[in-house]
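Visitor: sequence and predicted structure, then a few things I'm wondering about:
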Amino acid sequence: MKGFDQSVSVSLAADIAWVPLVQSVVEKWAPVCGLDDSKTMMLTVAAEEIVVHLARMAPGTQVRFRLEPGGWHVRVEFSFKADASDLWAMNLVTKTDTQEEIDHLGLLVASRAVDGFTLGVEGDTLHLGLRKDRAYPIVIPETIQPVEARGELTIVRDPEPELIKVACVKALGLYPSDAVPRSFFTPGKVVDMVGQKDLDIAVAIDRSGALAGMICWQAPSEQGISFSGPYVFAKAGQAGDLLAKHLINTVARTRAMGLFSELATTSLPTADFESLGHLDQIQRDGKKSEQGVWYRHLREDMGASVWAHRAYAEFLETAYQRQVLMRDLKLIEGQGEHLPERSVFSVQLRPDAGKATLFPMVTGGDAAECIARYVEMLHREKFSNIFIRIDLAHGWQAAMGKAIMDNGFVPKLVLPYGGKSDILVFQHA
Amino acid sequence: MHKFDYTQLVPSYIQAFEAYYPSKPDPELMRLYGVDHLHRLNNNENALGPPPEVAQVVEGFTPMAVPVYPNGDCFDLRQSLAERFGKDPEQFLVGNGSCEVIASVIKAFCEKGDNIITADKTFAVYEWVAEFSGFEARLIPLKDNGFDPQAMLDAMDRHTKILFVCNPNNPTGTYWDRSTMTGFLDAVDNRAVVVIDEAYCEYVENDDFPDGMALVEQYPNVVTFRTFSKMYALASLRIGYLCANPEMVGVIRRTHIVYSVNTLAQRAAAAALTNDGSFIRATRKMVREAKALLCPLFDELELTHVCGQGNYLMVKVPVSDTLMYRKLMTQGIMVRTMTGFRFPNWIRISLVQQPIMEAFCRVFRPVIEEIQGR
Ligand SMILES: Cc1ncc(COP(=O)(O)O)c(C=O)c1O
């Protein structure tokens, strides 16, 4: 069935009467796209809760929902006219104390039932996307030792699935688990991500065809490419250099402006990159380490203007100066204008590394309080590395500076062109 | 009414293609980088300005010429070119820069499923035009910084329509000598069109450099490109041309947009051809002197550099080229980063007058020494 558009679109009015239809469309369609029974059920519950919520809050509103297969995941996108702030109950930290909160419980259920959600605003239309990942067997890594490479190394550009899976397992065997992308624990998923072009991988082999290293990268935004690695499996040799050069040359003529590390290893030829600083990492055993973040600009920089809040403007100025990046800072001043009442954040969790990253979807008047609740919940659930990333292209995200910093976050580094514009990364101190 | 969804109309090879964004205007860049001057060493322009004959034409250009369409196929200029090179005017096709004739040749010969062959590290427009037109560009790695004739031949198949050879190559300055070129053309054996892009040929002083104008007479499949942008310093007027046998030109003409070259450009180009050679000699001298200044500096700083033909050279810097660009820009020097040419950590510098080259050295040395920790 490959090559056919298997997406399904349904358009209906927000009404309880349609809930069974929504249920059965998701139930019948998701397994075709590879979701197992329990995941199908969770996605069905999530979709159903969204429709119920809309039927209650805005009866009769036109709702379009679209189901899209994604290889390693499926996606359901709802489009409807509403105030984004009304979706505050998508926050994982929504409480259930008041009647209003109980009324919104469905959204919390929906957000807990899926593996990720996005919220986009286009005029007065909201696009709420729910992602549910397929289940894959998890590999249990065994520690291995690097081996001697034989002869000259070469790059395999589009490695076949078997090579990818072996490479994932090798990386897990040679590197601490928080130094490799979580997806490596499910090599089948990695293969499917590569198949969907959601992830790129290059591997290096020696003359005998044995794996000598790998590097992977993806495009979190139109302008930015993030990479992890290089993971080197051979004792000596230039696998790290070779893989990094290959990556640079591969992305050099794409639309990307910048290349930055997500999980850089010590095999990265750092002379070819610029240091952006580091993020602190508290390991499960309480030990502290630093994760260096490296950057490489791919073009001649023509400067940009970004939004900034006084709370971190000085930090930005220093960072930009150090990185020799020309930026006009447009300072944001609250002028008493009306803000949405409630904020919405989406969260990316990596429990095995105790790492959580918050992304603002809507800034409301309760931003500080909402962040405080997230921090409290995440601490309770043993997440000791908490980050917030804001995109300085958006004044409404940049405006959150004070709410973020008042909650004990400090600005750590700037990822140039990491999103629509530069991304400012805060870490909870 | 349906909502207009343009993405449905865009072919996949266009969706995958990234538009080239030229740099911002100088005043805007100067404001951003906080400098009061900017030396443009990024586009291989001839900083001497055009030959005096051109200056006269430009100064004498009257506003009354503006409302009138230019000659649609550069009639007079083609006469001048024919006289100058001892050919028939029908052997020339003039474009809005040689970039335009690149597109015309590809449109004339390639159809769905076809490919073109060129090098991976050369002028990018051959590759770009092929790709955004939906044709495969087979990119052959350079060998010792030069085009690799055998590998290009090996990459040919029955769908190969055009081989692009940049001679001398931008950015490495390497060139195929006469016997390499004729050996290659013999081996291609008329199976495909060979474009020889001689954008920088007027800078080459060596005797063994093959003359594309002569090769056009010997080989019916050769198309030679030249431009007035580089040596003749007419870059802002946008004018370049191709030369081939009249039948080939007749075919390419069918895909070429008429009236694309403006009147001032046509007159200026014709005037440039009347210069007695003193202008070229002066430019070559300027370039020689610039090389004599820069190469020893790079040697002293122990930086690898590639300095061949052409009014440019490349140097490998000990940091990312894009960071180097930004550091130099804050001091009013604009160079070309080479990551996009697939030469990461190299920069290309256009060679201009001594005082500006000296200014470059004054800025460049401390930046490198700081990085090297000297
Ligand atoms: C090798 C080469 N060919 C062609 C061109 C295009 O020149 P124009 O379109 O200005 O004639 C250039 C300009 O940079 C070049 O370097």
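Guide: Perfect, I can see it now. Numbers count the residues shown, from 1 in each chain, chains lettered A, B, ... in the order given.

Visitor: what bridges to residue B:348?
Guide: On the basis of DSSP bridges, residue B:348 is bridged to residue B:314, residue B:336.

Visitor: any idea which helix is longest in chain B?
Guide: As assigned by DSSP state H, the longest helix anywhere in chain B is helix B:278-300.

Visitor: need the CA coordinates for that helix. CSV is fine.
Guide: This file holds the C-alpha atoms of helix B:278-300, laid out as CSV (Å, rounded to 0.1, in the frame of the first residue of the first chain):
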residue,chain,number,x,y,z
SER,B,278,45.7,47.5,-21.5
PHE,B,279,42.7,47.0,-19.1
ILE,B,280,43.2,43.2,-19.0
ARG,B,281,46.9,43.7,-18.4
ALA,B,282,46.3,46.2,-15.5
THR,B,283,43.8,43.8,-13.9
ARG,B,284,46.1,40.8,-14.2
LYS,B,285,48.9,42.9,-12.6
MET,B,286,46.6,43.8,-9.7
VAL,B,287,45.7,40.1,-9.2
ARG,B,288,49.4,39.1,-9.3
GLU,B,289,50.3,41.7,-6.7
ALA,B,290,47.4,40.6,-4.5
LYS,B,291,48.5,37.0,-4.6
ALA,B,292,52.1,38.0,-3.9
LEU,B,293,50.8,39.8,-0.8
LEU,B,294,48.4,37.1,0.5
CYS,B,295,50.2,33.8,-0.2
PRO,B,296,53.3,34.6,1.9
LEU,B,297,51.0,35.7,4.8
PHE,B,298,49.1,32.4,4.7
ASP,B,299,52.4,30.6,4.6
GLU,B,300,53.7,32.5,7.5
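
Visitor: so what's the residue of the stretch 51-200 of chain A found nearest chain B up against?
Guide: Relative to chain B, the nearest point of the stretch 51-200 of chain A is residue A:197 (10.3 Å; CB to the nearest CB). The C-beta positions use only the backbone N, C-alpha and C, and glycine is treated the same way. Shown in contact with residue A:197 (CB atoms under 8 Å, 6 or more residues apart in numbering or on different chains): no residues.

Visitor: that one in helix, strand or coil?
Guide: Secondary structure, DSSP: H, G, I helix; E, B strand; the rest coil: residue A:197 is coil.

Visitor: close to the ligand: what parts of the stretch 51-200 of chain B are there?
Guide: When proximity is defined as CB under 6 Å from any ligand atom, the stretch 51-200 of chain B approaches the ligand at B:97-99, B:123, B:166, B:170, B:197, B:199.

Visitor: reformat those residues as JSON lines; add distance to residue B:135 and neighbour count.
Guide: Shown next, in JSON lines, are those (distance: CB to CB, whole Å; neighbours: other CB atoms under 10 Å in any protein chain shown):
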{"residue": "B:97", "distance to residue B:135": "21", "neighbour count": "22"}
{"residue": "B:98", "distance to residue B:135": "19", "neighbour count": "24"}
{"residue": "B:99", "distance to residue B:135": "17", "neighbour count": "19"}
{"residue": "B:123", "distance to residue B:135": "17", "neighbour count": "21"}
{"residue": "B:166", "distance to residue B:135": "18", "neighbour count": "25"}
{"residue": "B:170", "distance to residue B:135": "22", "neighbour count": "22"}
{"residue": "B:197", "distance to residue B:135": "18", "neighbour count": "29"}
{"residue": "B:199", "distance to residue B:135": "22", "neighbour count": "24"}
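
Visitor: Serialize these to TSV and add fields for distance to residue B:290 and pLDDT.
Guide: Below are these laid out as TSV (distance: CB to CB, whole Å; pLDDT from 0 to 100):
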residue	distance to residue B:290	pLDDT
B:97	25	96
B:98	24	95
B:99	26	95
B:123	21	94
B:166	21	98
B:170	17	95
B:197	23	98
B:199	19	97
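
Visitor: inside helices: which ones of the residues you listed?
Guide: Among these, the members found in helices (DSSP H) are B:98-99.

Visitor: sorry, back to before: now the longest helix of chain B: mean pLDDT?
Guide: Per-residue pLDDT values across helix B:278-300 average out to 97.

Visitor: can you map out the helices along the stretch 1-150 of chain A?
Guide: In the stretch 1-150 of chain A, the helices defined using DSSP state H, counting those that start in this stretch lie at A:19-32, A:37-57, A:99-103, A:105-113.

Visitor: from the ligand, how far out is the residue of the stretch 51-200 of chain A closest to chain B?
Guide: Separation of residue A:197 from the ligand (CB to the nearest ligand atom, to the nearest Å): 32 Å.
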